[in-house]
Structures are given as structure tokens and as C-alpha cells.
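Undergrad: Got a predicted model here, sequence first, then my questions.
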Amino acid sequence: MKQAGERLTIWYSWTCGLILTAAVFSILAYLLFKGAGAFHPKLIFGGVSPLKAVLLQQRVFDGLFPAVVGTLMLVSLSVSIALPIGFATGIYLAEYADFRIKNAFNLIFDILAGIPSIVVGLFGFALAVFLHKHYSSSIQPCLLISGLALAFLVLPYIIRTTQIALESLSPEIRLTALALGATKLQNLVYVLLPQSLTGMISGVILAIGRCAEDTAVIMLTGVVVAAGVPKSVFAPYEALPFYIYYISSQYTTPEELMNGYGAALLLLLLCLFLFALAFVIKKRLSYLAFYRP
Amino acid sequence: MNNWKERGIEKIFLLSTIISSSITLLILGFMAYMALPLLRGGLFRLLTEPWMPQQGFYGIYPMIVGTSVISLLSLLIAFPVSLGCSFLISSIGPKSLSAVFRRIVQMMTGIPTVIYGFVGIFLLVPLIREFFQGGSGMCILTAALMLGVLISPTMILFFCDSFDRVPRSYIDAADSLGANRLQTLLYVILPSAREGIVIGVLLAFGRAMGDTLVSLMIAGNSIAEPKSILDSVRTLTAHIALVIAADYESPEFRSIFACGLVLYLFITIVILAVRRLAFRKSEERA
Amino acid sequence: MNTTLPDNTKIRVADLNFFYRERRILQDLTVHFAEHSITALIGPSGAGKSTFLITLNRLWENLPEARMSGKVEITLGGLRRDIYQEAFPVTELRRRVGMVFQTPNPLPMSIYKNVAFPLKMAGGTDQKEMRRKVEQTLKMAYLWEEVKDRMNDDARKLSGGQQQRLCIARALVLEPEVLLMDEPTSSLDSTATEVIEGLLLELRKHMTILVVSHYLDQVKRVADRVVSFEEGAIVSS
């Protein structure tokens, strides 16, 4: 009787594993199959010579180059806004806040982490409108607004990973420097932060990946289909994920669709690369932390 | 001298924390503020009326139904599969295979949502259309299937983590008494990890509710109330994305803030429930 | 092994080496234990006594950084068996070689379910028979009177000494042929200790018992033989 139940569980688990593996492999294989054909310089540079395009001498119209640049600029902007605030907040929660305050803030940041990305985008949009009306009518949805909104989106990731990285240090490590006369700040800078580096860096990479793949926030805060390489942070811009979304419903020629597949494959590879990078860095840093002579 | 520096830095950290947390509250504030005129016109009407702007109906009820149905269905699909996979990774599979499978699942969390939507449109939708001989293929079922694949990795990893957290002493005891790996999983680990599993499910539910791209691209976005899972439907999130281009200050425009508010509140409830559970669990352990 | 050993040898260990994280914990151990006897394992902390015990029920295989070489044979069910052989299921081994840990480890279940657990895992279904065996072993472990009215209470609510007796009862319920005990009376008061020691002397008639103990007077009272460990090697026996 029991044997049957146990055997059934084993069969069941293997079936589930098979189903999930089949699902993910069909998605990846499909994209690879359809998109690999689109992989050549024309996909990105659309007929313009790569050198001219990168030096911004000639504008690319049929290629992904503006979208790639847009995504890169967006990610850099939002991460550079989110990092300092996120790190500082994480440090405060882990090292300075007392128990009840920490609990309250943890709740607030859990909620922030759970807010759907489209709602964050909506907030960014509303913020832009608000500033437009009350401060300067030249403010409108643009790279800056998107960068800001994305920063709000990934802030909880950075806070959480920093906080957890610091909190999981053993009591021994925490107390050694203090027992030798170091101040709290010195302990933080010379001992605690270097030890938590792995955790903090994986938080950063997580944030980068999140910004690169997000579509909902940028849809509402300034991304457009054709804007070229953005001239300033107050200008509209293009981005890879939005291009993919747009093409999926608005493609008019088979070529455009092919470009869509190529873009999807490109974005997928980019995000998987970031994931692998985070993993390698984690391994590397923890090796160094352990075996440093 | 040093004391000033120490205090100063602490104040800076505190300031950052205040800035971060105020964003959470600002978002709530903006949603409420922008949706206010619509709310004042009657909360009950807003939540139960259909969406027919031409006839003056600005209710978001169909979208609430859409979000609920798709999220619940995707959870229904994803939960059993995720549980089985977590069993496989933590106990049933041979060590090397489990490690590989865990890596694959971790990698899945890095796949962008828009990719799921994109592949959904061109691979899954035609399949569903074929299979059910009709309709456009863009419906609750298709969206729920894709969403299920999307939320599975997070659930699986969370379950496995809960299993790993069960105290070593229980496992040693069970082992020394002759239980095999499966028995230890079913009779010792699973009961201990019960709260962890519920928390994982709640978090996945929150994630499913908050997803925009998958529903936007494959659920069809019709504003009618659905009658079967093969019907097209619109979610709160998709509604926001679709109506954003409406006239500013119009009631249509304000309705998206009402959607945002509803989503915000749903999520807060989920998070509070998760906290309650986690608190109870740590109490029991002590 | 080239010396002919008497037929009543229960456990034969030959050239046992045990490594954990590249450190050698046990060195070239060769030792035998006769059936129906109580052997005390003594020695300083960290000498490898507890590690030795877990090589006899293969519990160390759960630890990823552990390695072992050598041979362990135990006579079970009348047959001499190499316990590391593939054909002999480790779950079967552990039902015949019971273990009581140094720190009590009740399972997260009721008192009754804790003691009945091994029976359930071994496929037992007769409820009446299980209840009888549970009561029997709890009486043997001198715990029955204290828990008989609260068998459905969570076992983790018991005191340290009660938990320890619970674990002893639980280890006995399948009537193992070998019993491995790591400081079994460390949490017990003098009365309970006396009863458990009496129990061991009784059990000796049907089992082979290995006891790690730091109490030399206990060792004197109970043991037929003493094996002394030092830095992973046996110094006298």
C-alpha cells in the first residue's frame, strides 16, 4: 500500500522534471532555430558600416544598434542611481537599525519588491507628468525618467542582497576588529564590506539583468520605436525588449519578423550571459575569500 | 573628531533608507491621488462595472476577473509541476543530475519575460488554435500555460531552499532509523517545510498577478467577461499598458490608476500574509 | 584477515581509514567485537570515537566531504555481510544496527509517532502490534510512566533527559542486532542512569552493544571490554 504511494511519487517527480525541461528547451531551441539565421552585422547595423555607426557619424535605421545603445545607456543610468542609495540603505538596515525599525523597513521594502513593474512604470509616468505641470514643461517621458523608474524597480534587490550579505557574516568576523579597537565605521569599511563583496556584487548583476530585460516600465516612461541613439538623457530612446514587443504585433514583412527573432535571441543571450557572469564572479570571489594567503 | 564622521555617515545611511522607503509610500500616494476622482464617483461601481467607455462605464471588473483567473490557473498548473521538480532536485534524482537540473532552473530565472511572450505568440498560440480547432489561440489557457512556465523556477528554487533548511538532526534521526531518501522527504522534510511551501506559492501568486507582458501579448485583451478558458481576457496590468495613451484627465485615463491601486493593495495583502506565516514558523522553531 | 576468529564475532573491522576534508580522523583500525557483549569506547575528545560509530551504520555517507577506506563486516541474520557492498541496502543495515546519538534528536512529531517511525518505515501496518511494541520499548527505556498519558504531544516538548530516553526507545523498537550508543546517559539523572545501565545489561543477552562513554565508573559497571581511542587509533583493547 505504502510502496505503491512511494513509487507513484517517484514516477510523478520524474514526469514533472521532464515536463519542465521540455518546456524550457522548446522555448530556447525555437528561438535559436528561428533567430540564428538573423545573426549577422546587418541585424545590428542595418547596412551602415559598423565603424561609422559606433562613432555616430551615420544614423542606423534598420538595425538594432540604437536599441542596443539605448538599453546600455538605460542600464548604466538606472544602476548608477540605484547603487549608492541601495548600498547605503542595506548597510543601514544591517548595521545600524534596531530590531523594530528594521522590521518595519523590511516590510516596506518587501512591498516595494512586490509591486508589479507596470505599476512602477505608471508611477514614473505620473511623476513625469507631475514635474511637467509643476516644474518645467520641457520634462516629459525620456531616458532620465525611465532610468529613474527602473532604479526604483531594482532598488529592493540591491537593498536586500546587501543586507543579507552583511547579516550572514559570522559573529566572530563582526567582533574581531572591534575587539582590537576599531570604530564601527572602520570595521565596516575594512572588514565587513570586503567580506560581503560577493553578495553585493551578485545583487548588482541581478539588478543589471532586471534593467536590461524590463519592458513594462520603459513602455510607460519614454521608450519609442524609432528614435535613434539618444542625444541626451532628456530625449526619447529605443530599447531591445520594447523592440521585441513591438515587432511581435506590428511586423509587416518577413524580414522584420526575422529581425524580431534575432533581437529576441540577442536579448536572451545577453541575459543568460549576465546570469553566467554572476555565477562565475560568485565562485571566484568566494574562492579568493577563502584561500587568500 | 572621529565621532562626527561616524555620526555623519550614519545619518547619510539613514537618509538613504528614508528616501528608499518613501518611494514605496509615494507610489501608493500617486496611485490614490490620481484615481481619486474615479473613486469618489463610487468605489463599488468601479469594482463591479464592466469597461465600456463609449457608454460611460469605467468599471474595472472584467480586468479584475481576468487577473484573478489567469493567475489562479497558472498557479494551478505550475504548483504540482514545481513541487515534483523540487522533489526530484532535493531527494529523488541522483546527485549529479539534480545539480544539473537545479542549474537549468536557476538559468530559467534569467530569461526575460518578453521572451516568454514572444515565443508564446509564435509557438504556443498556433498550437492552442490547432488543438482546439478554432478561436484565435490568444486566451486564458495560453497565457496561463506560459505564465506557469514563468513562475515555476522561482517556486522550485524556493521549495528546494525550504527543504534544505529543515534541521539536520531530523534527517540524521530518520536516516539512522532506516528511512530511505524518499521516505525522509515525504514523512520528515515535507511536513517541516510546510510553511515554506505556502510562502513560495503566495510569492508565485503575487508574481503571476503582477506580470504584464505575457498577458498583454497572449491573453487577447478583450474587455468582455470571460465564459471559458478559451476566451480572450484582459488583465489589470495589460489594461494599464493599453490605456496609457488615453486623454490625460479623462476617466479612462484615471481608471488605470485605479488598476494600479488594486494591484498595489493585492500585493500588500499577499506580502502581509507571507510575513504572518514566516513569523509563525520562526515562533514554532523557538 | 588471516587469524581465525571465534564464531561469535559480530563485527569485524579491518584497515579502516576515515578522512574528513582531507584530515585523517581514523587510522588503520582493525578491531573485532564479539556478539552479546557490551564494549565501551573511551578516549579524549576528538579521538574519533563518534566517527567510528557512524562508519558502522554508514551514516557518514550523508557528509559530502567524507571518505573512507577499509572493510567492515557485520554478522546479521546469521550471515556475515560486508556492509558496504552494493547488494546490501543501507536502509536494511540501519534497521539492524540501531543508533542513539549524543544529542537527542526527536523527530518533529508526536511521542507515539517518534517511536513508531522505524516500524512505519520498515513497512509495518498492524496498528495494534505497533502500539504494543511502542509501549514495550518505552517501558524498557524507563519513560512509559511519564508519557503514557500524552502520547500525542509533540516530542520536542519533552525535557532533555526525557528526549534521550525517547531516542533510546525509538532505537530499540525494531529489535536491532547491534546497538551503537554515543554517551547515552549524559542527560540523565542518577536513577534513570541506573535503569538504563540495567537495561543495557539485559539487552546484552540479545544484542551487541558499543557504548561511547566518558564516565569511567559507568564503564566499569557495564562493559565487558574497553577499547581506548587516541588520535584516531586504538591504543588498547
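TA: Yep, that arrived.
Undergrad: Hmm, B:Gly178 is touching C:Leu174, no?
TA: Yes. Look at B:Gly178 against C:Leu174 with C-beta atoms under 8 Å: they come within range, at 7.1 Å. No exception for glycine: its C-beta is placed from N, CA and C like everyone else's.
Undergrad: any common contacting residues for the two?
TA: The contact sets of B:Gly178 and C:Leu174 overlap at C:95, C:118, C:122 (C-beta atoms under 8 Å, 6 or more residues apart in numbering or on different chains).
Undergrad: any chance of those residues in CSV, plus distance to chain A and secondary structure?
TA: Listed next are these as CSV, based on distance: C-beta to the nearest C-beta, whole Å; DSSP: H, G, I helix; E, B strand; the rest coil:
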residue, distance to chain A, secondary structure
C:Arg95, 15, helix
C:Pro118, 14, helix
C:Ala122, 10, coil
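Undergrad: Show me what the helix or strand containing B:Met146 is packed up against.
TA: Assigned by DSSP states H and E, B:Met146 falls within helix B:140-164. Here helix B:140-164 touches helix A:2-35, helix B:61-87, helix B:95-108, helix B:113-119, helix B:125-131, helix B:194-210, helix B:213-218, going by 3 or more C-beta pairs under 8 Å, 6 or more residues apart in numbering or on different chains; DSSP states H and E.
Undergrad: Mind checking the ones you listed for the one nearest to C:Leu79?
TA: Nearest to C:Leu79, of all these, is helix A:2-35, at 24.7 Å by C-beta to C-beta.
Undergrad: Going along the chain from whichever strand or helix holds C:Ile54, find the next helix or strand for me.
TA: In the assignment (DSSP H and E), C:Ile54 maps to helix C:49-56. Note on helix C:49-56: by DSSP H and E, the next helix or strand toward the C-terminus is strand C:66-76.
Undergrad: Any part of stretch C:177-191 near chain B?
TA: No. Residues of stretch C:177-191 are not located near chain B by C-beta under 8 Å from any C-beta of the partner chain, the shortest gap being 8.8 Å.
Undergrad: Rounded mean pLDDT for that stretch, please.
TA: Mean per-residue pLDDT for stretch C:177-191: 90.
Undergrad: swap in stretch A:19-36?
TA: 91.
Undergrad: Buried ones in it, by neighbour count?
TA: Using 16 or more other C-beta atoms under 10 Å in any protein chain shown as the test for burial, stretch A:19-36 gives A:19-20, A:23-24, A:27-28, A:30-31, A:34-35.
Undergrad: and if you look at stretch C:91-111?
TA: C:91-102, C:104-111.
Undergrad: what does stretch B:231-250 give?
TA: Residues B:231-241, B:243-244 are the ones in stretch B:231-250 that count as buried (16+ other C-beta under 10 Å).
Undergrad: Residue 53: neighbour count?
TA: Picking chain A for this. 22 (other C-beta atoms under 10 Å in any protein chain shown).
Undergrad: oops, I was thinking of chain C
TA: C:Leu53 - counted by other C-beta under 10 Å - has 23 other residues nearby.
Undergrad: now swap in B:Ala193 and tell me
TA: Count around B:Ala193 with other C-beta under 10 Å applied: 24.
Undergrad: more crowded one of B:Gly178 and C:Leu174?
TA: Set B:Gly178 next to C:Leu174 and count neighbours by other C-beta under 10 Å: B:Gly178 wins out with 25 against 20.
Undergrad: What does the pLDDT read for B:Val100?
TA: At B:Val100, pLDDT is 92.
Undergrad: Also C:Ser236?
TA: 65.
Undergrad: repeat for A:Ser13
TA: For A:Ser13, pLDDT reads 94.
Undergrad: tell me the contacts of it?
TA: So A:Ser13 contacts B:84-85, B:87-88, B:92-93 (C-beta under 8 Å, 6+ apart).
Undergrad: Output the residue of the stretch 101-250 of chain A whose distance to chain B is smallest.
TA: Using C-beta to the nearest C-beta, A:Pro116 is the residue of the stretch 101-250 of chain A that sits closest to chain B, at 3.0 Å.
Undergrad: Which residue is the nearest non-sequential neighbour of that residue?
TA: Excluding its sequence neighbours, the residue lying closest to A:Pro116 (C-beta to C-beta, 6 or more residues apart in numbering or on different chains) is B:Gly210, at 3.0 Å.
Undergrad: and the one you found, how many neighbours does it have?
TA: 25.
Undergrad: From what I see, it and A:Ile115 are in contact.
TA: Yes. B:Gly210 lies in contact with A:Ile115 (C-beta under 8 Å); the separation is 7.3 Å.
Undergrad: ok, the buried residues of stretch A:19-36 vs C:Arg12, which is closest?
TA: A:Leu20 (47.7 Å).
Undergrad: my read: the closest one touches B:Val81, true?
TA: Yes. Shown here, A:Leu20 and B:Val81 form a contact pair, counting by C-beta under 8 Å, at 6.0 Å.
Undergrad: mind listing what the spatially most central residue of chain C touches?
TA: Nearest to the geometric centre of chain C sits C:Leu180, at 1.8 Å (C-alpha atoms, centre = their mean). Contacts here follow C-beta under 8 Å, 6+ apart; on that basis C:Leu180 touches C:53, C:56-57, C:97-100, C:210.
Undergrad: A:Ser248 now?
TA: A:Ser248 makes contact with A:260, B:117-118, B:121-122, B:217, according to C-beta under 8 Å, 6+ apart.
Undergrad: Please identify the buried residues of the helix or strand that contains C:Arg170?
TA: According to DSSP H and E, C:Arg170 maps onto helix C:160-172. Neighbour counts over helix C:160-172 (16+ other C-beta under 10 Å) mark C:161-172 as buried.
Undergrad: Restricting to C-alpha, output stretch A:111-131 in PDB.
TA: Presented in PDB, the C-alpha positions along stretch A:111-131 are these (Å, rounded to 0.1, in the frame of the first residue of the first chain):
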ATOM      1  CA  ILE A 111       6.200  45.600  -0.600                       C
ATOM      2  CA  LEU A 112       8.400  47.600  -2.900                       C
ATOM      3  CA  ALA A 113       9.900  44.400  -4.300                       C
ATOM      4  CA  GLY A 114       6.500  43.000  -4.900                       C
ATOM      5  CA  ILE A 115       4.900  46.000  -6.700                       C
ATOM      6  CA  PRO A 116       4.300  44.900 -10.300                       C
ATOM      7  CA  SER A 117       6.700  46.600 -12.800                       C
ATOM      8  CA  ILE A 118       3.900  48.200 -14.700                       C
ATOM      9  CA  VAL A 119       2.700  50.000 -11.600                       C
ATOM     10  CA  VAL A 120       6.300  51.300 -11.100                       C
ATOM     11  CA  GLY A 121       6.200  52.400 -14.700                       C
ATOM     12  CA  LEU A 122       2.900  54.100 -14.100                       C
ATOM     13  CA  PHE A 123       4.400  55.900 -11.100                       C
ATOM     14  CA  GLY A 124       7.300  57.100 -13.300                       C
ATOM     15  CA  PHE A 125       4.900  58.300 -15.900                       C
ATOM     16  CA  ALA A 126       2.800  60.100 -13.200                       C
ATOM     17  CA  LEU A 127       6.000  61.600 -11.800                       C
ATOM     18  CA  ALA A 128       7.000  62.900 -15.300                       C
ATOM     19  CA  VAL A 129       3.500  64.400 -15.700                       C
ATOM     20  CA  PHE A 130       3.600  66.000 -12.300                       C
ATOM     21  CA  LEU A 131       7.000  67.500 -12.900                       C
END
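Undergrad: picking up where we left off before, can you pull the residues that touch both of A:Leu20 and B:Val81?
TA: Common neighbours of A:Leu20 and B:Val81, counting by C-beta under 8 Å, 6+ apart, are B:Ser152.
Undergrad: and the stretch 151-286 of chain B, which of its residues are near chain A?
TA: So the stretch 151-286 of chain B meets chain A at B:152, B:156, B:182-183, B:186, B:206, B:209-213, B:216-217, B:237, B:240-241, B:244, B:248, B:256-257, B:260, B:263-264, B:267-268, B:270-272, B:274-275 (C-beta under 8 Å from any C-beta).
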